[in-house]
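Enquirer: Sequence and predicted structure below; questions after.
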Amino acid sequence: MAALAVVILVSPASAATIRKSADGSPLQPLLDGAAPGDVIVLEAGEHQGPVTIDKTLTLEGEPGAVVMGNGKGSVITVTAPRSIVRGLEVRGSGKDLYGMDSGIFVAQTATGATLEKNAIIGNLVGIYLHGAEDSQARGNRIIGLREGRTSEAGDGISVWNAPGARVLDNDVSYGRDGIFTKASKRNVFSGNRFRDLRFAVHYMYTNDSEISDNVSTGNAVGYAIMYSNGLEIVGNRSDGDRDHGLLLNYANNSRITGNIVVGRLQPAERWLKSRPSGHGVPKIDEENQISGDRRLGPEKCVFIYNANKNRFRNNTFEGCAIGIHFTAGSEGNLISHNSFIKNRNQVKYVGTRHLDWSSEGQGNYWSDNPAFDLDGDGIGDNPYRPNDLIDKVLWTSPQAKLLTTSPAVQVIRWAQAQFPALLPGGVVDSHPLMVPTAREGVLQ
């Protein structure tokens, strides 16, 4: 075979290292002729795909090795267990979302497959772990489709019903979602970096899993957790995501700790240009500006919708229009030892129940809390209430903001401050902290 440059026996079991030069010949016949356990090394240059790995092999590339698809289907399909795809540049998938066209497609039979240190560029879906239990995508650079509508693009990494799959230390940009997981469990998504996407991480019906130490920068939403339970959401960062840093929708019994959501001030004109296609152009009004043409983002550090029995602790939420907005029966969460810093509205809650956000004698830090700490115990001497009756009026009737500077409104607010019994139901922090619980990388 002209494509076969060198064959080296490497073990008594006759596993071989096979090198292939970029001579224009198809790659698939070489894979078909290899034996299980062989290592196929592609030299620098373009190699003709698409290909299917249907026996346990290692397919790896020297620097500059490219596997090029023909614009139909997936470029590399892995069906054999414990196969490895490493160090390749992968381009040229099809554009059929229903056909799951991908740069690298890992089938259900490919349990324990590993995809590492690849550059997967310009494909519909970067990596698709389709039922491949205990598979791993690690250290890959994935750049999705830059043109067209976001809704018609694929995800950087898709995970479907792949228990035990691990997605680690990848860099994902462009396309739809950075990682989209559905109907899975026992997954670990850790150390990944996301930018220029709709959602950085999108969870649907995925339980008992971990999302840790990821960084989302400049996406529409950082971490969208939907219909999923029993998660560990730890040490993640949302930096300047536009709409929500963290969104919980029908997500329960999870631990959310050590995360940082940071809004970034930027000129409104530049913010508008940065929004991906398909999101529309929002109206710029007083709700979207601070001073001059500078806008506060994201809109909400955290949005909680019908999600309960979650534990929020040691998180930092800073620089958002709203620190936490919760609604639709989301009163059953434990929220303590968090830092709410420089949000225009720290909390938005329109319900009538009285909720105390303190636990075991300690609450949260609020940057706008004017309380004193005369006994020096680190706890404010008076409870903190993030909202009053006027806030609720403004939420339900935004046109009333024209009256906020009137003497009558100021009298009402003064009366509520002097006589807390006049306050409606809502959030109160009985033991507010006087110093932030975490300060890494937040706005100064």
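Expert: Everything's here; your move.

Enquirer: so what are the domain limits for this structure?
Expert: Listed by the TED database, the domain ranges of the chain are 17-197, 212-274+294-387+426-443.

Enquirer: Low-confidence ranges, the stretch 301-444 of the chain, go.
Expert: Applying pLDDT under 70 to the stretch 301-444 of the chain picks out residues 388-425, 438-444.

Enquirer: Let's see that with 90 instead.
Expert: 326-332, 344-345, 348-356, 358-361, 368-376, 378, 380-428, 437-444 (pLDDT under 90).

Enquirer: again, but for the stretch 101-250 of the chain
Expert: 147-152.

Enquirer: wait, what's in contact with Phe326?
Expert: Taking C-beta atoms under 8 Å, 6 or more residues apart in numbering as the criterion, Phe326 is in contact with Val302, Phe303, Ile304, Tyr305, Ala307, Asn333, Lys348, Tyr349. All C-beta atoms are positioned from the backbone trio N, CA, C, and that covers glycine.

Enquirer: I'd like those as JSON lines, with distance to Gly148, secondary structure and neighbour count appended.
Expert: Putting these into JSON lines (distance: C-beta to C-beta, whole Å; DSSP: H, G, I helix; E, B strand; the rest coil; neighbours: other C-beta atoms under 10 Å) gives the following:
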{"residue": "Val302", "distance to Gly148": "31", "secondary structure": "strand", "neighbour count": "28"}
{"residue": "Phe303", "distance to Gly148": "28", "secondary structure": "strand", "neighbour count": "24"}
{"residue": "Ile304", "distance to Gly148": "33", "secondary structure": "strand", "neighbour count": "26"}
{"residue": "Tyr305", "distance to Gly148": "30", "secondary structure": "strand", "neighbour count": "16"}
{"residue": "Ala307", "distance to Gly148": "33", "secondary structure": "coil", "neighbour count": "26"}
{"residue": "Asn333", "distance to Gly148": "39", "secondary structure": "coil", "neighbour count": "20"}
{"residue": "Lys348", "distance to Gly148": "35", "secondary structure": "strand", "neighbour count": "22"}
{"residue": "Tyr349", "distance to Gly148": "39", "secondary structure": "coil", "neighbour count": "22"}
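
Enquirer: Closest one to Arg193 out of these, please.
Expert: Arg193 has its nearest neighbour among the contacts of Phe326 in Val302, at 21.1 Å by C-beta to C-beta.

Enquirer: isn't that closest one right up against Asn259?
Expert: No - assessed by C-beta atoms under 8 Å, Val302 is found out of contact with Asn259, at 9.2 Å.

Enquirer: Quick check: neighbours shared by the two?
Expert: Joint contacts of Val302 and Asn259 (C-beta under 8 Å, 6+ apart) are Leu246.

Enquirer: Now the domains of the chain in JSON lines, please, with extra columns for distance to Met204.
Expert: Converted to JSON lines, the domains of the chain look like this (distance: least, C-beta to C-beta, whole Å):
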{"stretch": "domain 17-197", "distance to Met204": "4"}
{"stretch": "domain 212-274+294-387+426-443", "distance to Met204": "5"}
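
Enquirer: right, and those - which one's nearest Tyr203?
Expert: Nearest of those to Tyr203, taken as C-beta to C-beta: domain 212-274+294-387+426-443 at 4.6 Å.

Enquirer: Lovely, talk soon.
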